[in-house]
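> Okay, here's the prediction I keep looking at, along with the sequence it came from:
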Amino acid sequence: MSDQPELEAARAAKHAGLGAPTAVRHEDGMSATAISASNSAPGASARPRLILADPQALVTEALRTVLSPEFEVLDAVADGEALLASVSQQQPDLVLLELSLPHVDGLDVVRVLRARAPELRCLFVTQHAALHHVRAAFAAGASGYVLKEATPAELREAVWRISRGDVYVSPKLRVDEACPGSVTREGSGALTMRQREVLRRVAEGRTGKQIASELGISLKTVESHKACISRQLGLRSTAALTRHAIELGLVRAVEGMRGGVESERPSLRAPD
Amino acid sequence: MEHGFGLGSCGLEVPTDTPPRPRALLCDDHTLVREGLRQLLAGSLDVVGALEDGRALLQAAEQLRPDVVLMDITLPQLNGLDATRQLARVSPNSKVVFVTIHSDPAYVREAFRAGASGYVVKTAAYADLLAAVTAVLDGRRYVSPELAAAHTDLVVGDPKAAEPGKLSDTLTSRQREVLQLVAEGRTAREIAGILNISRKTVEFHKSTIMRLLGLRTTAELTRYALEHGIVGPA
């Protein structure tokens, strides 16, 4: 799909910073070519009209329940293709979608929609808490990112803010400014080659000392890499880093007795 | 039939003077999903509690003795499968319906083996969830039609049939509890607090688990727990 000019335009309109807390005006970070946004988005004062997209029908039913009747839910769909079709037909103010969608991935849907309908706002409602996903979402042109562990009140607040032209990120996910580069770096990967080398070895169960000698760097440097990776990914423990490294495909899970379980998990494309 | 009502037929409108509605507990760590389902189910059931982890669920179930428990498999602190095994002790009359993203038949078999009566995938329609509750309260087993069609043995198979090599045979209940908490990145001190045992005992369990599974590091334990559905992806 990347040869479509509208996708390219959407990529050019990447949102630059998400380190700032919730109330950033949407247009601040957007390039002027792709967006003529103003804070008087249509429908901002009336009841916003929404479309929901999640592969799990019970999830969209649950979301519909917590969003009605405050918002008008026009449609609920289970994949990216259906979402694009439904948006064309129904012309909503806002789309709420999961990152991992069948057929057309959530990030690609947002890129297409940003190019097709610049005034349409996209809000991810997802279980994925790793910060590289958050960055990828905003880079694609999303206006908000809410975790499924959020409360209904938080989701409703996010929808109202985004309708008014603000951006919204679940408080738990705000980028830690202490890690240089993590805020401004564009794109989804966010980890450097060296960081990935360290992460893989951590996930393989190597000690800091072993990693230091394998990479020919000091133990202190290894620990600083590890701390930086933790902050950038928003993961606190070695266990969480290990699970993330498996998700990224840096290491394989231990061969298990129950084959095929891993492949059933919702998979996201690896970053980069 | 203990619950003389037709959930499916009466839909969401239950007159107030009918026999008491079934009492349900709900457990899902995604608050948006939990709250949405709670509101939906309140039309047909008496939802007496909505919890976000397996330990809180067990505590609530012991106090409230619900007729039915609807829960996810991947849950913090104590996963749904192990929670179901322990539920048999604290609230033996509660029926369990799993409401989960996992469509792998291995999970379904393990769910029934653990003592569940119903299995609904989250891709199902809401009507399926009500159908599952009606069925299990009626003493029947329920599997989402899309799964049952693809794997006919799931509905009729013997849940106690031997499936050698399963994790539930390799490790004790307490060892699996420790394994999950380790894989969630908790320290020995935190685990000791949660399980109300000493830190030394936690370390002892951890080293026993490593020996039994032939694993050497915490990272390997974590990978193992992930591979076996004891914890979900980070």
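Perfect, thanks for sending it.

> ok, residue B:95 touching residue B:65?
No: in this structure, residue B:95 is not within contact of residue B:65 by Cβ atoms under 8 Å, at 11.8 Å. All C-beta atoms are positioned from the backbone trio N, CA, C, and that covers glycine.

> Just the buried residues of the longest helix anywhere in chain B, please?
Scanning chain B for the longest helix, with DSSP state H as the assignment, gives helix B:199-213. Under the neighbour-count criterion of 16 or more other Cβ atoms under 10 Å in any protein chain shown, helix B:199-213 has B:202, B:205-206, B:209-210, B:213 buried.

> of all those residues, which comes closest to residue A:205?
Distance from residue A:205 was checked for each of the buried residues of helix B:199-213 by Cβ to Cβ. The minimum falls on residue B:210, at 11.0 Å.

> Flag the shaky bits of chain B, pLDDT-wise.
Scanning chain B for pLDDT under 70 picks out B:1-17, B:152-168, B:234.

> Break down it into its strands, ranges please.
With DSSP state E as the criterion, chain B has strands at B:23-27, B:46-51, B:68-71, B:95-100, B:118-121, B:142-143.

> Can I get the ones you listed in a markdown table including mean neighbour count and distance to residue B:182?
Rendered in a markdown table, the data for the strands of chain B read as follows (neighbours: other Cβ atoms under 10 Å in any protein chain shown; distance: least, Cβ to Cβ, whole Å):
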| stretch | mean neighbour count | distance to residue B:182 |
| --- | --- | --- |
| strand B:23-27 | 24 | 22 |
| strand B:46-51 | 19 | 22 |
| strand B:68-71 | 27 | 22 |
| strand B:95-100 | 25 | 23 |
| strand B:118-121 | 26 | 28 |
| strand B:142-143 | 24 | 32 |
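
> Quick one, which of those strands gets closest to chain A.
For these, distance to chain A was read as Cβ to the nearest Cβ. The smallest value, 6.7 Å, belongs to strand B:95-100.

> and the next element down the chain from the helix or strand bottoming out on mean pLDDT in chain A?
None of the helices or strands of chain A scores lower by mean pLDDT, DSSP states H and E than helix A:5-12, at a mean of 42. For helix A:5-12, the following helix or strand on the C-terminal side (DSSP states H and E) is strand A:49-53.

> C-alpha coordinates for that following strand, PDB please?
Backbone C-alpha positions of strand A:49-53 (Å, rounded to 0.1, in the frame of the first residue of the first chain) are rendered in PDB as follows:
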ATOM      1  CA  ARG A  49     -20.600  10.700  15.900                       C
ATOM      2  CA  LEU A  50     -18.400   7.600  16.200                       C
ATOM      3  CA  ILE A  51     -17.400   4.300  14.500                       C
ATOM      4  CA  LEU A  52     -15.900   1.500  16.600                       C
ATOM      5  CA  ALA A  53     -13.400  -1.100  15.200                       C
END
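
> Which strands or helices does that strand pack on?
Other elements packing on strand A:49-53 under the criterion 3 or more Cβ pairs under 8 Å, 6 or more residues apart in numbering or on different chains; DSSP states H and E are helix A:57-67, strand A:72-77, helix A:80-90, strand A:94-97.

> before we move on, back to that, is any residue of the longest helix of chain B near chain A?
No: using Cβ under 8 Å from any Cβ of the partner chain, helix B:199-213 never reaches chain A; the gap is at least 8.6 Å.

> what's the offset of that helix from the middle of its chain?
Centroid displacement of helix B:199-213 relative to its chain, using Cα atoms, centre = their mean, to the nearest Å, is 25 Å.

> quick one: contacts of it?
The contact list for helix B:199-213, computed with Cβ atoms under 8 Å, 6 or more residues apart in numbering or on different chains, reads B:170-171, B:174-175, B:178-179, B:182, B:188-189, B:191-192, B:195, B:215-216, B:220-221, B:224.

> Repeat the analysis, applying 7 Å as the threshold.
The contact list for helix B:199-213 (Cβ atoms under 7 Å, 6 or more residues apart in numbering or on different chains) reads B:170-171, B:174-175, B:178-179, B:182, B:188-189, B:191-192, B:216, B:221, B:224.

> restrict those residues to those near chain A?
For chain A, the contacts drawn from the contacts of helix B:199-213 by Cβ under 7 Å from any Cβ of the partner chain are B:182, B:216, B:224.

> ok, residue A:106 to chain B distance?
Note on residue A:106: its distance to chain B, by Cβ to the nearest Cβ, to the nearest Å, is 16 Å.

> need the residues of the stretch 101-250 of chain A near chain B, please.
A:125, A:127, A:130, A:148-152, A:155, A:202-205, A:235-240, A:242-244, A:246-247.

> Skipping its backbone neighbours, what lies nearest the residue in the stretch 1-150 of chain A that chain B sits nearest to in space?
Closest residue of the stretch 1-150 of chain A to chain B, Cβ to the nearest Cβ: residue A:62 (2.5 Å). Excluding the flanking residues, the one nearest residue A:62 by Cβ to Cβ, 6 or more residues apart in numbering or on different chains is residue B:36, at 2.5 Å.

> neighbours around the one you found, how many?
25 (other Cβ atoms under 10 Å in any protein chain shown).

> Now do the contacts for it.
If you count contacts by Cβ under 7 Å, 6+ apart, residue B:36 has them with A:61-63, A:65-66.

> Could you chop the chain up by domain?
Went with chain A since none was named. Following automatic domain parsing, one gets these domains for chain A: A:5-173, A:193-254.

> I was after chain B.
Domain ranges of chain B: B:7-156, B:167-227, per automatic domain parsing.

> Okay, helices next: where are they in chain B?
With DSSP H as the criterion, chain B has helices at B:7-10, B:31-41, B:54-64, B:80-90, B:105-114, B:126-137, B:145-150, B:153-156, B:167-170, B:173-183, B:188-195, B:199-213, B:218-227.

> These: which one's closest to residue A:74?
Closest approach to residue A:74 among the helices of chain B (Cβ to Cβ): helix B:31-41, 17.5 Å.

> and the closest one with strand B:46-51, angle?
Interaxial angle of helix B:31-41 relative to strand B:46-51 (axes from the mean of the first three to the mean of the last three Cα atoms, to 10 degrees): 170 degrees.

> Next up, the contacts around the residue in the stretch 151-272 of chain A positioned nearest to chain B.
Residue of the stretch 151-272 of chain A nearest chain B, by Cβ to the nearest Cβ: residue A:237 (2.7 Å). Going by Cβ under 7 Å, 6+ apart, residue A:237 touches residue B:185.

> Quick check: the gap between it and residue A:98.
Distance, residue A:237 to residue A:98, by Cβ to Cβ, to the nearest Å: 26 Å.

> which residue is nearest the centroid of chain B?
Closest to where the C-alpha atoms of chain B average out (Cα atoms, centre = their mean) is residue B:80, at 2.7 Å.

> Now that one: closest residue in space that isn't a chain neighbour?
Nearest one to residue B:80, counting by Cβ to Cβ, 6+ apart, is residue B:73 at 4.1 Å.

> Residue B:25 bridge partners, please.
Assessed by DSSP bridges, residue B:25 has beta-bridge partners residue B:49, residue B:69.

> Count the neighbours of residue A:69 for me.
7.

> Wasn't it part of a helix?
No: per DSSP: H, G, I helix; E, B strand; the rest coil, residue A:69 lies outside any helix segment and is coil.

> out of the helices of chain B, deepest packed?
Per residue and on average, the most neighbours among the helices of chain B fall to helix B:218-227, with a mean of 24 (mean count of other Cβ atoms under 10 Å in any protein chain shown).

> Much appreciated, bye for now.
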